[in-house]
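[1] Any chance you could fold what I've pasted below:
(chains A and B)
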Amino acid sequence: MKKHHIVSLLIIGAAFFGPIRTSLAQTCACDALPADKKALAQTIFSALHPYDGCDETFARCLEAKPPKPVVLRLAADICRQVKAGQDRKQIEHALSKRAQTMLPTGPRATLTLDEAFRAGAANAPVTVVVYACSRCPFCKVMVPALYAAVTDGPLAGKVRLYMRPFPLKSHPGSTEGGLALMSAAKLGRFWPFALLVYKRFNSFSPAVLPEWAVAAGLDRAAFERTFADPKTRDELVACKQEGLRNRVDATPSLFIDGRPYLYDLTEEAVVDVLQEAYDAAVAARK
Amino acid sequence: MPGIAPAAIHPVHLQSLRATVRDALLVLAACAAVGAATNALRPGGIAFVQRTEYEILVPCPEGSGDTQAIQADDPAVWDTRTLLVDARSAAEHQRWHPTGAIAIPFDYLEPTAPEQVRRIASSGAGRVVVFGDGGNPDSGEQLAREIAGKGIRNVRFVEGGAPPLEKAAGLRGAR
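    Sure, this is the predicted structure:
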């Protein structure tokens, strides 16, 4: 092998293994950024203020020893957005939306917290309510992710989750799916059934719902009777009307302690905001 | 006119070209091997065959259009070019409705039937004013949003629903 071949292979090897070594050594969201993005993050830190924890710019607030946890959390979030390719204007807008979600401004939504729809610890200090349609592809991802987070994930013991069925007219089968969810809740097996409905999302049809109910541990006859009961439909309509009163016009729509969630609808962002809400709730109790 | 003969490649140049192509292929193969090995070793490497369905995750909208409220005593409500649509139940429509109003009971779960939307579209009305039960949420506002979302233009809903409309009708003694 000639000398220039060896040099080429060394360059290629460095290109592949260099970044891996660096990312392994540096785990902070900001430290792992490339130079140009790090510069953008620094510009943002010098100009923007966190909405909580400190009155100075991020740059000043981060110099505190130690910085407030909420400042660190928001700074890490900014770096994640910089890494994702967001520009300053987009990040500023996102931070404003996060502030609107977290700060206690405006009236709180009136939400029914029916225990049949709860997941997570009953005494968790933070409450999140999600309006979801059984036939919404986004809900299929978000609802099981939230369930996992509050039952066996980073939000266990911190956040309790309530789902409110909100069937969308644009989704065929959403009424039947909603009635099935209400029936499962009335029969005490809401979450096993809801998770099954989302797991088998692509093979949904109204005809298979009784079989799925059995698979979720429900009695078929009781399920079919409850499904056909006009009272179940009335309760589903009442659930949707509640959502409309709370200005829900899409699913999934989240409310944290009665405040509408306006920030990014990614699992990572939602979990991060809920962690922040938990920290704030714990701090308020002290 | 004599043709132009293709230039013959000198044997030395041909050998050099072959060597260059061979070297390029060797480097390409080495890159591919290193890349594949790195991908296989790192956690969460990229799958060569996508096993799950690719999905674009955006919130699912209710599919409603823009509409505005109108007061029951607004002359536009009572204009002959206005089509009044009653979103209340058939029983409530039977009890009272303004002359000429058509009944399209609003359902919170099922979409409005396409023939009802066509009925409004083919009415030739210059304006559509929907009234409902006046509750919170108001069935009239919800139906107005739904039909506006289905392409019906110039749709309004009566603020407060049927009760102020009935009162206004009594005061006007007409329609």
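[2] My read is that residue A:103 contacts residue A:51, right?
    Yes. Here residue A:103 reaches residue A:51: they are 6.3 Å apart, a contact under CB atoms under 8 Å. In short, each C-beta sits where N, CA and C put it, glycine included.
[3] Let's verify residue A:234: helix, strand, or coil?
    Recorded secondary structure, residue A:234: helix (DSSP: H, G, I helix; E, B strand; the rest coil).
[4] In contact with it, which residues are there?
    By CB atoms under 8 Å, 6 or more residues apart in numbering or on different chains, residue A:234 lies in contact with nothing.
[5] Would you mind splitting chain A into its domains for me?
    A:3-105, A:115-275 (automatic domain parsing).
[6] What of chain B?
    Using automatic domain parsing, chain B is parsed into the domains B:9-51, B:68-172.
[7] Could you tell me how far the shortest one lies from the centre of the chain?
    Right, domain B:9-51. On the basis of CA atoms, centre = their mean, to the nearest Å, domain B:9-51 sits 46 Å off its chain's mean C-alpha point.
[8] ok, is it in contact with chain A or not?
    Yes. Using CB under 8 Å from any CB of the partner chain, domain B:9-51 reaches chain A at B:23, B:26, B:27, B:30, B:31, B:34, B:35, B:38, B:42.
[9] Which positions within the helix or strand harbouring the fifth one qualify as buried?
    Read it as residue B:31. Taking DSSP states H and E as the definition, residue B:31 sits inside helix B:11-41. Within helix B:11-41, the residues scored as buried using 16 or more other CB atoms under 10 Å in any protein chain shown are B:31, B:34.
[10] next SSE after that helix?
    strand B:60-61.
[11] who's in contact with that following strand?
    A:133, A:136, A:137, A:138, A:139, A:168, A:170, A:171, A:249, A:250, A:251.
[12] What of stretch A:249-256?
    Contacts with stretch A:249-256, where a contact means CB under 8 Å, 6+ apart, come from A:101-102, A:109, A:111, A:126-133, A:136, A:138-139, A:142-143, A:166, A:168, A:243, A:246, A:260-261, A:265, A:270, A:273-274, A:277, B:59-62, B:64.
[13] wait, what's in contact with the residue nearest to the spatial centre of chain B?
    By CA atoms, centre = their mean, chain B has its centre lying nearest to residue B:63, at 5.5 Å. Taking CB under 8 Å, 6+ apart, we find residue B:63 in contact with A:168, A:169, A:170, B:146, B:149.
[14] quick revisit: residue B:119: which of the domains of chain A is closest?
    domain A:115-275 (18.4 Å; CB to CB).
[15] which one among the contacts of residue B:63 gets closest to residue A:156?
    Checking those against residue A:156 with CB to CB, the nearest one is residue A:168 at 30.1 Å.
[16] ok, the closest residue to that closest one other than its chain neighbours to residue B:91 distance?
    Nearest residue to residue A:168, sequence neighbours excluded (CB to CB, 6 or more residues apart in numbering or on different chains): residue A:133, at 4.5 Å. Distance of residue A:133 to residue B:91, given as CB to CB, to the nearest Å: 30 Å.
[17] go on, residue B:152?
    In this view, residue B:152 and residue B:91 are 25 Å apart by CB to CB.
[18] Have a look at these two and say which one is more surrounded.
    residue B:152 (21 against 8; other CB atoms under 10 Å in any protein chain shown).
[19] Surely that one touches residue B:127?
    No. Taking contacts as CB under 8 Å, residue B:152 lies outside contact range of residue B:127: 10.4 Å.
[20] Return the residues of chain B in contact with chain A.
    Within chain B, the positions adjacent to chain A are B:23, B:26-27, B:30-31, B:34-35, B:38, B:42, B:53, B:55, B:57-64, B:108-111, B:136-137, B:142, B:146 by CB under 8 Å from any CB.
[21] can you pull the contacts of residue 82?
    No chain specified, so I'll use chain A. With contact taken as CB under 8 Å, 6+ apart, residue A:82 is in contact with A:33, A:37, A:40, A:41, A:44, A:91.
[22] switch to chain B, that's the one I care about
    When contacts are counted by CB under 8 Å, 6+ apart, residue B:82 is found next to B:76, B:125, B:126, B:127, B:128, B:129.
[23] ok, the closest residue to the second one other than its chain neighbours - how many residues close by?
    Sequence neighbours aside, residue B:83 is the residue nearest to residue B:125 in space, at 3.5 Å (criterion: CB to CB, 6+ apart). Number of residues near residue B:83 (other CB under 10 Å) recorded here: 20.
[24] what do you get for residue A:277?
    Neighbours around residue A:277, by other CB under 10 Å: 23.
[25] nearest spatial neighbour of it, skipping sequence neighbours?
    Excluding the flanking residues, the one nearest residue A:277 by CB to CB, 6+ apart is residue A:126, at 4.7 Å.
[26] before we move on, what about residue A:219?
    residue A:187 (7.4 Å).
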